[in-house]
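> Predicted model and sequence follow; I will ask about them next.
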Amino acid sequence: MAEGSVVGHRWAVQLLQNGIRHDRLRHAYLFVGAAQLGKSTLARSFAQSLLCKEGVDGRACANCRSCRLMQSGGHPDFILLPPTDREGQPDRENGLHRAEQAADIVRQALLHPMEGRYKVFLIQDAHRAHVSFANKLLKTLEEPPPHVVLCLTAPDRSALLPTIVSRCQVLALRPLGEQVMEDALQARWGASAQQAALLARLAEGCLGWAVDQLDQPEPLAERSERLAELQELSRSSRVARLAFAQKLTAARNQTRLFTLLALWTSWWRDVMLAQAGCLEQCANIDLLDTLADAAGDFRPVDVQAYLRTLSRIEGYLRHTVNTGLALDVLLLQMPRPHA
Ligand SMILES: [Zn+2]
């Protein structure tokens, strides 16, 4: 594998390296795990090692023509789906892999590699495939030409047809440890010690998420604003709370709503942890002073009841059309500081 490109996931890196070293490759690999966990990075690194002309022991050399082509994103024997646009963002028309794309893969798979021994296909978010895509893809998986290696990514194996999963070596990636992420964020992405510690804590094992936050500081600023707003809401009147619920309902933005609920849950869970004397386990480590104050301001029983309400309402919101009513309840039941 390309040295240094993959952070963590040592067992998976080793398994793939051993496959290359002993020439025991499977025709298809399925990388499963949460979003931004490093599935595609690992698959690309594997592809680079497969295509490298000077590699030793399953590791890519990082210098040969093939490695340079991989690093510049222009290797003719590495085919990425969905393709990326000029900014490197995935180019997903209507969000699904379509049958004609699968037909293209089947056609390309039959052609011999242009540079070396293999042709590597990386199909990201394979679960977002139209059923006709999956059926066409199965054709390639049933009778793969010997030079073809398919890499698929998906959130978990149950998101794909069992007939596809059974033809793949499944690599279930686990969330990265906080320390591993903290070190990598400082050493490789130039984060400050403070930034690295906070992002590693908030990322829940998904390094890609943390790296994205470094590139665009807005989400972190947005998070601070939303948390300040939450403090204010917990101290405001019923009228103000209901007005907030109405504003949220009117925005009709499910993604933002669930992001907000996840943030609220992380905050109230932290208050509960602080009340239990476990301040060091809190997620929002940049706000420990505020959390310590909140721990004294609210009754533990109210906080615990509200965490249950949050979880219940969140589940309800995923299945209901009556967002307004659910949000009214959610806002009215938020704990108030005891006198
Ligand atoms: Zn190389």
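Nice, thanks for sending it over.
> contacting residues for whichever residue of the stretch 151-300 of the chain sits closest to the ion?
Relative to the ion, the nearest point of the stretch 151-300 of the chain is residue 151 (18.2 Å; CB to the ion). All C-beta atoms are positioned from the backbone trio N, CA, C, and that covers glycine. Residues counted as contacts of residue 151 (CB atoms under 8 Å, 6 or more residues apart in numbering) are 28, 29, 30, 31, 43, 46, 47, 120, 121, 122, 123.
> What does it show for phi and psi?
Per-residue torsions, residue 151: phi -120, psi 130 (degrees, to the nearest 10).
> returning to that earlier point: closest one to the ion out of the contacts of residue 151, please.
Among those, and counting by CB to the ion, the member closest to the ion is residue 47, at 11.6 Å.
> check contacts around the residue nearest to the closest one when sequence neighbours are not counted.
For residue 47, ignoring the flanking residues on the chain, the nearest one in space by CB to CB, 6 or more residues apart in numbering is residue 120 at 4.1 Å. By CB under 8 Å, 6+ apart, the contact set of residue 120 is 46, 47, 50, 51, 77, 78, 79, 149, 150, 151.
> so which of those comes closest to residue 286?
Using CB to CB, residue 46 is the member of these that lies nearest residue 286, at 36.2 Å.
> which stretch of helix or strand covers that closest one?
Assessed by DSSP states H and E, residue 46 sits inside helix 39-51.
> Centroid-nearest residue for the chain?
For the chain, the residue nearest the mean C-alpha position is residue 35 (1.8 Å; CA atoms, centre = their mean).
> wait, that one sits on residue 153?
No - counting by CB atoms under 8 Å, residue 35 stays clear of residue 153, with 9.7 Å between them.
> Pretty sure residue 153 sits in a strand.
Yes - assessed by DSSP: H, G, I helix; E, B strand; the rest coil, residue 153 belongs to a strand.
> how much space between the residue nearest to it when sequence neighbours are not counted and the ion?
Closest residue to residue 153 apart from its sequence neighbours, by CB to CB, 6+ apart: residue 39 at 4.2 Å. Using CB to the ion, to the nearest Å, residue 39 is found at 22 Å from the ion.
> so what's residue 39 up against?
Counting by CB under 8 Å, 6+ apart, residue 39 has contacts 31, 32, 33, 124, 153, 173.
> so who does the second one touch?
Residues in contact with residue 32, defined by CB under 8 Å, 6+ apart, are 39, 153, 154, 155, 156, 157, 170, 171, 172, 173.
> Next, format these as CSV and append pLDDT and distance to residue 186.
CSV is the format used below for the contacts of residue 32 (pLDDT from 0 to 100; distance: CB to CB, whole Å):
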residue, pLDDT, distance to residue 186
39, 95, 23
153, 95, 27
154, 94, 31
155, 92, 29
156, 91, 31
157, 90, 34
170, 97, 32
171, 97, 27
172, 96, 28
173, 96, 22
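> ok, of the residues you listed, which come out buried?
The neighbour-count test (16 or more other CB atoms under 10 Å) marks 39, 153, 154, 155, 157, 170, 171, 173 as buried among the contacts of residue 32.
> I'd assumed residue 126 was in contact with the fourth one.
No - because the distance of 10.0 Å does not satisfy CB under 8 Å, residue 155 is recorded as not touching residue 126.
> quick one: low-confidence ranges for the stretch 1-150 of the chain?
For the stretch 1-150 of the chain, applying pLDDT under 70 flags the ranges 1-4, 83-96.
> what residues does it put near the ion?
By the rule CB under 5 Å from the ion, the part of the stretch 1-150 of the chain lying against the ion is 52, 54, 60, 61, 64, 67.
> What are the boundaries of the strands in this structure?
Secondary structure of the chain, counting by DSSP state E: strands at 28-32, 78-81, 119-123, 148-154, 169-172.
> Export these as JSON lines, with columns for distance to residue 223.
Output for those, formatted as JSON lines (distance: least, CB to CB, whole Å):
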{"stretch": "strand 28-32", "distance to residue 223": "28"}
{"stretch": "strand 78-81", "distance to residue 223": "31"}
{"stretch": "strand 119-123", "distance to residue 223": "32"}
{"stretch": "strand 148-154", "distance to residue 223": "27"}
{"stretch": "strand 169-172", "distance to residue 223": "29"}
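> So for residue 279, which of those strands sits nearest?
strand 169-172 (32.9 Å).
> send the alpha carbons of that closest one over as CSV?
Output of strand 169-172 as CSV, limited to C-alpha atoms (Å, rounded to 0.1, in the frame of the first residue of the first chain):
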residue,chain,number,x,y,z
GLN,A,169,-14.1,-9.9,0.4
VAL,A,170,-15.8,-7.6,3.0
LEU,A,171,-13.6,-5.3,5.0
ALA,A,172,-15.6,-3.7,7.8
